[in-house]
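S.K.: Okay, predicted coordinates and the sequence, questions at the end:
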Amino acid sequence: AQKVTQTQTSISVVEKTTVTMDCVYETRDSSYFLFWYKQTASGEIVFLIRQDSYKKENATVGHYSLNFQKPKSSIGLIITATQIEDSAVYFCAMREVSSGSWQLIFGSGTQLTVMP
Amino acid sequence: DAGVTQTPRHEVAEKGQTIILKCEPVSGHNDLFWYRQTKIQGLELLSYFRSKSLMEDGGAFKDRFKAEMLNSSFSTLKIQPTEPKDSAVYLCASSFWDRDSYEQYFGPGTRLTVL
């Protein structure tokens, strides 16, 4: 069965530093997509970045990058030069390609607080 | 382009009432999802439509929850009858189906409180 686990409930960092949020997933599918979403205090959920399972290169978008370790079924989100406005809940999600289901399976989220 | 629109943003209902939540997906998107978000359960899928056809219906939610896609640009979620445990944020998301891509775009959500 597919499952996404985020063990870090909350993280606090000082602004301008780098933070890594962990995510591990379970799947029997050989092809899948991994996503990170951000939910702000207002409740808005925004797509950040995606990693395709068949790609070896780690995805990078702006100051977000991924640490994809396929043998460990791990997809970490790295935020460099954090800003106060990065404070939010970050969700990891997965979609299997061949399971027949098109839904995203979400982790429980990690609350990031960026302090001045 | 306008994003996903949801109305109302807040809804308060008495136990036993029928409520209808509305969603307009991003223009041109052919996949639409309804999720429920609570602190305890997190994000749970309620229903999923592709080109107006119901593809998945969350097993735990079939009883009192009914989602419909009246046309490609409008969907409703009916909860009948409401119970206090239904208090949650209901999120609508849409996506353009593409085998090589699958970002979902979320609406602002409807916060439902059932008294």
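M.R.: Ah, there it is.
S.K.: give the contact list for whichever residue of chain A sits closest to chain B.
M.R.: Of all residues in chain A, residue A:45 sits closest to chain B, at 3.9 Å by C-beta to the nearest C-beta. Glycine gets a C-beta too; all of them are placed from N, C-alpha and C. Neighbouring residues of residue A:45 by C-beta atoms under 8 Å, 6 or more residues apart in numbering or on different chains: A:37-39, A:91, B:91, B:93, B:106.
S.K.: Show me which of those residues are buried.
M.R.: A:37-39, A:91, B:91, B:93, B:106 (16 or more other C-beta atoms under 10 Å in any protein chain shown).
S.K.: So which helix or strand of the chain has the lowest pLDDT on average?
M.R.: Since no chain was named, I'll use chain A. Ranking every helix and strand in chain A by mean pLDDT, DSSP states H and E puts strand A:105-106 at the bottom, with a mean of 91.
S.K.: try again with chain B
M.R.: That would be, for chain B by mean pLDDT, DSSP H and E, strand B:53-57 at a mean of 82.
S.K.: Touching, residue A:27 and residue A:94? I think so.
M.R.: Yes. Judged on C-beta atoms under 8 Å, residue A:27 makes contact with residue A:94 at a distance of 6.6 Å.
S.K.: Give me the residue ranges of the chain where confidence is low.
M.R.: As the question left the chain open, I've gone with chain A. The model of chain A has pLDDT under 70 over residues A:99-101.
S.K.: Oops, wrong one, chain B.
M.R.: In chain B, residues with pLDDT under 70: B:1, B:59-61, B:98-102.
S.K.: where do the strands sit along it?
M.R.: For chain B, applying DSSP state E gives strands covering B:5-7, B:10-13, B:19-24, B:31-38, B:42-50, B:53-57, B:65-71, B:74-79, B:88-95, B:105-106, B:110-114.
S.K.: could you redo those strands as TSV and give each row distance to chain A?
M.R.: Output for the strands of chain B, formatted as TSV (distance: least, C-beta to the nearest C-beta, whole Å):
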stretch	distance to chain A
strand B:5-7	11
strand B:10-13	11
strand B:19-24	14
strand B:31-38	7
strand B:42-50	4
strand B:53-57	6
strand B:65-71	13
strand B:74-79	16
strand B:88-95	6
strand B:105-106	4
strand B:110-114	8
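S.K.: Including distance to residue A:49, could those go into TSV?
M.R.: Formatted as TSV, these follow (distance: least, C-beta to C-beta, whole Å):
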stretch	distance to residue A:49
strand B:5-7	24
strand B:10-13	31
strand B:19-24	25
strand B:31-38	20
strand B:42-50	18
strand B:53-57	25
strand B:65-71	29
strand B:74-79	27
strand B:88-95	16
strand B:105-106	14
strand B:110-114	27
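S.K.: between these, which gets nearest to residue A:107?
M.R.: For the strands of chain B, the distance to residue A:107 is smallest for strand B:42-50, at 7.7 Å, taking C-beta to C-beta.
S.K.: Count the neighbours of the nearest residue to residue A:43 once chain neighbours are set aside for me.
M.R.: Leaving aside its sequence neighbours, residue A:43 sits nearest to residue B:109 (C-beta to C-beta, 6 or more residues apart in numbering or on different chains; 5.2 Å). Neighbourhood size, residue B:109 [other C-beta atoms under 10 Å in any protein chain shown]: 24.
S.K.: For residue B:109, give its distance to residue A:67.
M.R.: Distance of residue B:109 to residue A:67, computed by C-beta to C-beta, to the nearest Å: 30 Å.
S.K.: Over to residue A:38?
M.R.: Separation of residue A:38 from residue A:67 (C-beta to C-beta) stands at 17 Å.
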